[in-house]
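>>> Kindly return the folded structure for what I paste below:
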Amino acid sequence: MYLLKLAYRNFFRNTRRSIISGISVAIAITVIIFAQSYMRGVIENISENIVRLISGHIRITTKEYDRRERMIPLSEALDLTPELYDELNHEEILIISPRIKFGVLLGEKELNIPALGYAIDPDKETNISGLDKRIIEGSYLDASSNGTIIGNELAKRLDIGVGDTLTIITRTAYDSPTGINLLVKGIFSIGIGGMDRSVFYIPLNVGQQLLDLEDRATELVIIVKNPNKAINIAREIRLHGDYSIVPFQYNPILKYINTFSFVYSIFYAIILIVACSTIANTMIMVVYERTKEIGMMKAMGLNNLSVAGLLTLEAGIIGFVGSFLGAVIGGILSYWLKYQGIDMSMMSSSTSADMPYGPIIYFSPTPMIIITGFLFGLLAAIIVAFLPITRITKLEPAKALRTV
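Purely as a prediction, here's the structure:
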């Protein structure tokens, strides 16, 4: 307790130097908490869009289709048999929705714009992709009519609107040319540039007829009760056939982002160590300025451990104050942006349909991020200050007392 009081008193012996050291730590902790909350928000944003627009919680295709997916091999589609649905009878599964993905050429006058089409079950997709809530003009899909909804940017490229006719040219599952005229029923805006520029949706039965895929689909999208159990549920599904069953956590985009997050963690550590170097500099100055004083304390019976403990407490107080301020500022800023969000529309407008990056990023701070940032800052401050502190333990009292 005596050493703590002495360390507290010494903290104010050179207030300016202590404050500068504390501020550098506070800035580093603020940046770390801010960046971690942002990255977590980005991951949640992309995860939600992957689940809603690309794969659901679990995606089922044939293995050959999964292997050649970039070529969109319609001939490798799933057979939607009653037996397949019976095998997917799992207590954790809420929705099973078939989709057909296909490439086309679009145009009203000249067929020269490539696009990506999805044939979907309109009723089921309202609970998955929520496309009915993304309509900005016109109405949502009707399963009983030859209609389509298209992205707002795609509509601009084609110079068409609600009520116009959209001509589709593509190839069937048997590689023969086919086409159809569809009524534009609605225009949607997802906020993901690549999808708004190149994606349109049609009813599943229309797509099956157009592509010669009766009772077939290129994929099944599954929604489960608890997304955190998606991996285990995927492992529990047993299908008789050559199928690829992939939970959304295994999506290559998410795996890449998680790897990138690890690299960022190393970057955070470097920032913190650099910031804490000011504490090391402070302790070097303390050792230099108070050599004679420390020599006197050692001559009066204070052992090396007590001296090192005193200086460590001083460094710890600076680290504590800086880390606490950084945790408070970083936490307040991150929680504010959790509800305010950052508009990334300029960036999302340049993304591709394969990178579902939403227009607004809402930060996702957690108490654990803030507490970890605080503890990490405190620990780093003590560790960085330890090297100059150990130098004083080797100093002999008599030699220290002769220091000018």
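>>> Now do the strands in the stretch 101-250 of the chain.
Along the stretch 101-250 of the chain, the segments classed as strands by DSSP state E, counting those that start in this stretch run 113-120, 135-138, 147-151, 165-171, 177-188, 199-203, 216-217, 219-224, 243-247.
>>> Kindly tell me how buried residue 44 is, as a neighbour count.
Residue 44: 15 surrounding residues under other C-beta atoms under 10 Å. Any C-beta I mention is one placed from the backbone N, CA and C, and that applies to glycine too.
>>> need the contact list for it.
362, 364 (C-beta atoms under 8 Å, 6 or more residues apart in numbering).
>>> Quickly list the domain ranges of this protein.
2-50+254-401, 73-217 (automatic domain parsing).
>>> about what we covered before: save the strands of the stretch 101-250 of the chain as TSV, and put in distance to residue 343, mean pLDDT and mean neighbour count too.
Shown next, in TSV, are the strands of the stretch 101-250 of the chain (distance: least, C-beta to C-beta, whole Å; pLDDT from 0 to 100; neighbours: other C-beta atoms under 10 Å):
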stretch	distance to residue 343	mean pLDDT	mean neighbour count
strand 113-120	26	91	20
strand 135-138	17	94	15
strand 147-151	19	93	25
strand 165-171	31	89	18
strand 177-188	19	92	18
strand 199-203	22	94	24
strand 216-217	36	96	22
strand 219-224	29	95	24
strand 243-247	31	93	19
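>>> any chance of those in TSV, plus distance to residue 93?
Output for those, formatted as TSV (distance: least, C-beta to C-beta, whole Å):
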stretch	distance to residue 93
strand 113-120	18
strand 135-138	28
strand 147-151	27
strand 165-171	31
strand 177-188	27
strand 199-203	23
strand 216-217	17
strand 219-224	6
strand 243-247	12
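>>> Out of those strands, which is closest to residue 51?
strand 219-224 (7.9 Å; C-beta to C-beta).
>>> So what touches the closest one?
Contacts for strand 219-224 (C-beta under 8 Å, 6+ apart): 51, 55-61, 65, 78, 88, 92-101, 127-128, 230, 233.
>>> excluding its backbone neighbours, what's nearest the residue most central in space within the chain?
For the chain, residue 43 is the residue whose C-alpha lies nearest the centre (C-alpha atoms, centre = their mean; 1.0 Å). Leaving aside its sequence neighbours, residue 43 sits nearest to residue 257 (C-beta to C-beta, 6 or more residues apart in numbering; 5.7 Å).
>>> Now a ChimeraX select for only the buried ones of the contacts of strand 219-224.
Of the contacts of strand 219-224, the buried ones go into a single ChimeraX selection, burial set by 16 or more other C-beta atoms under 10 Å:
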select :51,55,56,57,58,59,60,61,65,78,88,92,93,96,97,98,99,100,101,128,230,233
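>>> List the ones among the contacts of strand 219-224 that fall in helices.
65, 230, 233 (DSSP state H).
>>> CSV for those residues, including pLDDT?
Below are these laid out as CSV (pLDDT from 0 to 100):
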residue, pLDDT
65, 94
230, 92
233, 93
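>>> Nearest to residue 38 among these?
Among the ones in helices among the contacts of strand 219-224, and counting by C-beta to C-beta, the member closest to residue 38 is residue 230, at 24.8 Å.
>>> how far away is the nearest residue to that closest one once chain neighbours are set aside from residue 63?
Nearest non-adjacent residue to residue 230, counting by C-beta to C-beta, 6+ apart: residue 247, 4.0 Å away. If you measure residue 247 against residue 63 using C-beta to C-beta, to the nearest Å, the figure is 16 Å.
>>> so where's the chain uncertain?
1-14, 107-111, 260-261, 275-308, 344-358, 387-404 (pLDDT under 70).
>>> Now with 80, please.
By pLDDT under 80, the low-scoring segments of the chain are 1-22, 106-112, 193, 253-316, 343-360, 380-404.
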